[in-house]
Structure formats: structure tokens, C-alpha cells
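S.K.: Here is a sequence together with a model predicted from it:
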Amino acid sequence: THTHTHKKKQQLISEPHTMAHRPHAHHPEDDSDEIVIRRDDEGAHRSHGHGHGGQHGEHHFRPASRSDEPSRGGRSPQPAHRDRLSPTPHGGLSPRPGSGSRQGGRSPGPGRKQQQQEPNPEEERKGRTDRDWLRDLATWQMKQSKFRVDFNESELQEVARIEETGVQPNAHADYPTLEPLPWVSIDNDDTRDIDQITAAIQHADGRVVLYVGIADVNVIIPEKGAIYQRAAANTTSVYTPACVFTMLPEKLCFDVTSLVQGVPRKAVVFEITYADITAETVTQERIYHATITNQAKLAYPSVSVWLDGGDMPAPLHGREDLQEAVRLQDRLTKSLLGIRRRNGTLEFDHPETLVFFNDDGSISAIRPSKPHTRAGELIENVMIAANGAMSRYLDARGYPGVQRVLPKSDRWDQIVDLASQHGFQLDATPTSASLRAFLAKARADLSDEIELFRDLCMSVIKLLGRGEYVASRPGSEPVGHFALAVTEYSHSTAPNRRFPDVIVHRILGAALQGKPSPYTQADLEQLAAHCTEREAAASKIERAARKAAACILLAPHLGATFTATVTGCSDKGVYARFVVGEVPAEGRLVHADEHQYRVGQKINATLIALGVADGHIDIQDTDHPAGSRSPSSHGQRSGGASSARGSRSPRGMVGSEDGRRSEPHSRHAPRDHLRVGDVQGEGESGGEDEGEHHGRGRGRKHGAHGRDD
């Protein structure tokens, strides 16, 4: 549920080196992202990667609009010209002879700008590596989605001033020091933007005190300065297979605000005291500013191996205090997880998709990430505890805030239908406890068919929908997070990559000083809506980048048939997941009426088109190519008659033996992230939308819902 797959960072891995973002676990607290170069799947150092994709590319792409799709009224407008791509002997895609750009054409009408000629994405790729092309494609998509890519002169000058002067003049000089505490960071091997560290001690009377230290970004960034304004505009870091577009300048993300080992840093500290190791009773929750020092930089894989009885991580050798602190956190978070499970927290098996690159920049493979680790669960549960404490702290003192919520799904009837297909009767009204019971039964029943269980998880995630940010009023009834099974939940543990966390920390600063909130309720409502919209746009870009990479590897398989699992049915279309040539992917069914399919249904499908430049994948129901499948035999949902809204016609495609060819087509549906917890992650889900994930998110740090829940 928590997007804590180790900091929302998608991993880009080279063979044998690996370039990766911090995977975002499916926990609500996804917390960091970045690109790394590794020697193996465990990773070693994180490189700068290309933080701002826009700095590197001269090549920009303009995917054609999906103007050849049937309109909502059912009419198919005249298709805009697009270079058609067809399979080549070596498995790539090349322009179809005679498909050059159309000359002349209709002149623009009044007030209409002259359309520029559509570039051929395959021509753009000539002589360039997959990694470079994907980076520049992502840069173009960022700009098209109104994200700021490059840092301007005033922002860079502000960074230079920060480097010279350190923290802001108004920073509290009297920050107490907590440096002697056994602080450690546990993250991906290659993480450089360390946004949180943890510590724990147990008193003689059995009380356990959990400490969580979060980088104090507000003490570094000038209020309302150039960097603040830019962060407010983008609101999030964006993670794609070839590069990361950081919310803050890399110097701040990876250095000045990073809780690096051995360097004292200003931080926001959560101090949560439990009566004993069972964590059943919280006796005190405090939040304050302090100076802290990370005493050991640890990584998920090695800590997990050690906790399971293997070799101890090198940084812990000779440090019995740190060893005991990590073991104590492990025991405590097992209790916290047990409590959340009783409350109905949802746990999915939905690994992130990782793109692996060869040394020459070509894509070598696309594979799922490794299963969630014991150390990942530790950090996930600690972050959920801290985020809940922040929400309660502000509310108790009469301050407004911004909460991360996942309301009860309005598609619960479809989840009930899906469960019935697996022999389970869900409650008629939405409850996370009953859904958790169904997932547990399905996990056991499908223990020998893990891919089927993962398909089921994806289907449920989409039906749950995406999390969103909402402004909260003190004393008001919280919406809660359905997937995390918590009622109070704010994002406050990743301020160097999520702007909602910056907002919450500013409100906290006012509360600690007894000053009024720096934001009015109207301000917060606007900011919450803006952050939700920007997160959805970022997720869309991330998903498109992953699909573009998949298209490159799928090109040799055009015309292949396979078994697919329907994962989404809505007016956005019908979507299904499949694996071809060891490439996991999701495509949209053409000529498909959403009323004639049901989530979880198995179909025979054919890969008929690839939109390399915009990451769209078209498949066709092999048994019913014209969409003539009978609703009665496949569970018709409410709505009755067939609708043209969800169909897409592959008009103009010619090629393979059955007369089909691939051509680029532009996206038509909203984005993904079903963070159950907070993931990665998020708007209406359906079709390509993944909704709010539970556990791992969009290649980020820790979090359960898509984008860092």
C-alpha cells in the first residue's frame, strides 16, 4: 500500500551497469527518486544521471494526435497525416514507402495556427541511442505538459547564494542537537537524495521511542524565491527510464538537502513514543526542528539479508548501538504492520517495471523489479507512522493542512464482480477489510501462478482509483486513505521531491512558532488541486516513457498472438496486460466496447500496432476482431448498448502477413497510479491509468500508492 519501493525511483539498468531511479515501493510514503549507475541489480552508486532531460536534447518530438479515433458521437473524423511505420527484417520500424509528409492541405482557419509538419519519430532516432532518444522524448513530453524543464538564470543564481551562505538568515540558530542518536538511512544502494533517516531507542520501562528525521527544505530555500516558485509550478520530480527531472536543482536534491552520512543537517524530527514494542498504545507524538547526523548509509538489499540471518552490512560493523537501533525498528514496524493489517490495509504484488540498458545505450530488457524487501517494509511503516503523526499534530493545534486521500471506490461493484470470478463474496459496501481478505485468499490460491495474481492486483488497483490531495480544515472529518486503512494521512516525508510536503512543512513551521498559517483555506484548496493535476500529468509522462521503451522491444513481435488479461474497462477504452518475447506490456483493444468485457477476463489477442513516439500499444481480440463479442456471455455491465467511445480503429495500418502495420498514434487516456496508500499513484483510473498503488509506486522511493503514497 505504501509506495515505499524504496523511494519513487524508476530503475534504469544497464547491462552490466544499471541506471535506475529509486523504485517507489507500493507504500503511501514514497519518498525519493533518482538515477543511479549500478554494477548489478542491487546497485552501487547513484549517478547524476540527466537530472533535467531538457538540457541534453536538440531533438524534439510531436506525436500525432489521436484524430483518427472515433469521436464521442461515433463519427470518425478525417485522420491527420502520420508517417506509417512497418516492421523491418531486423525487427525495427521504418517509414512505409510512399508515406512521406503530405504537401499542401487545408489552410488554417481564422485564429488557427499553421500546423507544422509532423516529424517522423523513426527518422529522429537514426544514429542515436535508445537512451538518448527516450530522454529527449521525455523532455518534449514534459514541455508539452507545461512542466518547466531547465533551471533559469535566477534559479541557478539562488543555488549559488545558498551554497555560499548555507541556511536562510531566518533559520533557527537554536536548533537542538540530536546528533548522538543512532541515526541511519535505509534506501536504495544508489540513492543520493537522502530525504529521511531514522533512529529508535527502548527505555528500561519498556517504552519505545521512534525518531524520524526529514530534510528541512524550507530552511534552505528562500520563501517565495525563484526555486520555491519553480517547485510550486512543477510540484514533483518526474522519473523516466532515461532521466529524472528533479523538482529542485540537483545541487540541492543530492547535496545541500540530502541527509548524507557524517554531515550535520537541519531537519524536521518526528518523535513518537509507544508504551511498549507492541505499538498498541501511542503515549506521545512530538514534531520539532533539530540538527541531526546520519551515522550510517544503508541499503535495502543488504539490510534485508542481515535481518534474515545473513551477513551484516559493512557500515554496521563495530557499531552495536546502530545494530540494536535497526533491529528495534524492525521489531516495532512488524507490530505497526500487524495493526494496519487488522484495520484492513491492502497489500499488492505489483512490482515496478524496470528498463535495462546496455553500455551502448540500447535497451537490453524490461523486467519487473525484485519483490518488496524486509527493510523496505520497515521504512514503509515508519513513513506511514510519521505522515499520520503530522496530520494529527496540525489538526490538534487548529491548523489547516493538505492530506493525501484515497476515497472509497465508486466502482466497488466491479471489484465485487471481479472477486466473484475468483469464488469470493465481497461485502456489498466498500470495506478495506473485506478486500484485504479477498486478496489474501487470491494470493494463496494463485501461489503457483504469481503472474496471474499480479494481473489481479493491477486490476484491483485500477478499479480503486487514484489518490489525490485535498485541503483539510482543523476539526473536520478526514476522508482517509482506503488502501492504507488510515484516517489521517499527509505527505510530509519527501520535501525535496514533492511540493505538498513543502507546503505541510511551512504550515508546521508556523505552528511551532505560534504564528498564523502562511496559507488561507482558499490557497490550500487551489494548491491541493494543482498538485493533484501535476502529479497526474507526471505519471502520464512516466507511463508513456515506459511504454515507449516497451514499443522498441515489441517491434519484432508485431502480428504475434498471445493470451492477455483485461485490466481496465471504461469509457476510456478496454486495456489488457500481456507478455510477448519476455516483454511485459499493456495495450488497448481496438474495436472494443467496454460493455462487452470484464476486468480479469482472459482473451486471445494480437499485437497490431505500436506508437513508438507516444508509447501506445494497440492489440486486437483475435477471436472477435470486429468487436462482436457477446455481452451476455461475458458479463455485461450497466449501460446496456455498445458505445463507440471506448473503441479505437487502427485505420490506415498495413503490414505484417495479416495486412497490419504499425504507425504512431497519440495518447487518449489519462494516466496511471493507483497508490494505495498514497501511490504511485491519483485521478480517475481506468484503461492506462494505474491508480493509486498499494506498496510500490512509480519508480519512486517508499510508498504504497503509485507515486509515493
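M.R.: Nice, I can see it.

S.K.: To what extent is the nearest residue to G509 once chain neighbours are set aside buried, counted in neighbours?
M.R.: Nearest non-adjacent residue to G509, counting by CB to CB, 6 or more residues apart in numbering: N218, 6.2 Å away. C-beta here means a position set from N, CA and C on the backbone, and glycine is covered the same way. Around N218 there are 25 other residues, counting by other CB atoms under 10 Å.

S.K.: Show me where this protein dips below the pLDDT cut-off.
M.R.: Within the chain, the ranges that satisfy pLDDT under 70 run 1-123, 166-173, 626-709.

S.K.: For it, give the helix that spans the most residues.
M.R.: Counting residues, the longest helix found in the chain (DSSP state H) is helix 521-554.

S.K.: Can you name the element that comes right after it?
M.R.: Per DSSP states H and E, the first helix or strand lying C-terminal to helix 521-554 is strand 561-570.

S.K.: For that following strand, buried residues please.
M.R.: Residues of strand 561-570 classed as buried: T561, F562, A564, T565, V566, T567, G568, C569, S570 (neighbour count, 16 or more other CB atoms under 10 Å).

S.K.: who's in contact with whichever helix or strand comes after it?
M.R.: From strand 561-570 onward toward the C-terminus, using DSSP H and E, the following helix or strand is strand 573-580. Contact with strand 573-580 is made by 451, 455, 458, 554, 557, 560, 562-569, 584-589, 592-594, 597, 603, 605, 607, 619, 646-648, 668-669, 687-688, as judged by CB atoms under 8 Å, 6 or more residues apart in numbering.

S.K.: What is the nearest of the buried residues of strand 561-570 to Q323?
M.R.: T567 (43.6 Å; CB to CB).

S.K.: how far away is the closest one from R577?
M.R.: As judged by CB to CB, to the nearest Å, T567 and R577 stand 5 Å apart.

S.K.: L607 too?
M.R.: When L607 is compared with R577 (using CB to CB), they lie 13 Å apart.

S.K.: So those two - more neighbours on which side?
M.R.: Neighbour count, other CB under 10 Å: between L607 and R577, L607 has more, with 26 against 18.

S.K.: For the residue lying closest to the more buried one once chain neighbours are set aside, which residues are in contact?
M.R.: Closest residue to L607 apart from its sequence neighbours, by CB to CB, 6+ apart: A560 at 5.2 Å. The contact partners of A560, taken as CB under 8 Å, 6+ apart, are V580, G581, T606, L607.

S.K.: quick one: the helices in this protein?
M.R.: Under DSSP H, the chain gives helices at 121-125, 130-144, 153-165, 226-234, 250-251, 300-307, 320-343, 374-396, 412-421, 432-445, 450-464, 499-513, 521-554.

S.K.: Just want the angle from the fourth one to helix 130-144.
M.R.: Computed by axes from the mean of the first three to the mean of the last three CA atoms, to 10 degrees, the angle separating helix 226-234 from helix 130-144 equals 90 degrees.

S.K.: Any buried residues in helix 226-234, and which?
M.R.: Across helix 226-234, burial judged by 16+ other CB under 10 Å covers A226, I227, Y228, R230, A231, A232, N234.

S.K.: Likewise for the second one?
M.R.: The neighbour-count check on helix 130-144 (16+ other CB under 10 Å) flags 130-142 as buried.

S.K.: Packing partners of it?
M.R.: On a contact count with 3 or more CB pairs under 8 Å, 6 or more residues apart in numbering; DSSP states H and E, helix 130-144 meets helix 121-125, helix 521-554.

S.K.: Tell me which of the ones you listed sits nearest to F356.
M.R.: That would be, of the helices and strands packed on helix 130-144 and by CB to CB, helix 521-554, which comes in at 9.7 Å.

S.K.: which parts of that closest one are buried?
M.R.: Quick answer for helix 521-554 (16+ other CB under 10 Å): 524-525, 527-528, 530-532, 534-554.

S.K.: same deal with stretch 411-421?
M.R.: Residues of stretch 411-421 classed as buried by neighbour count (16+ other CB under 10 Å): R411, W412, Q414, I415, V416, D417, L418, A419.

S.K.: and A314, how many neighbours?
M.R.: Neighbourhood size, A314 [other CB under 10 Å]: 10.

S.K.: returning to what we had before: mutual contacts of T567 and R577, please.
M.R.: D455, M458, E586.

S.K.: Of the residues you listed, keep whichever come out buried.
M.R.: Buried among the shared contacts of T567 and R577 by 16+ other CB under 10 Å: D455, M458, E586.

S.K.: The nearest residue to the last one once chain neighbours are set aside pairs with what?
M.R.: Closest residue to E586 in three dimensions, ignoring its sequence neighbours and counting by CB to CB, 6+ apart: R577, at 4.7 Å. In this structure, R577 has the following beta-bridge partners (DSSP bridges): T565, E586.
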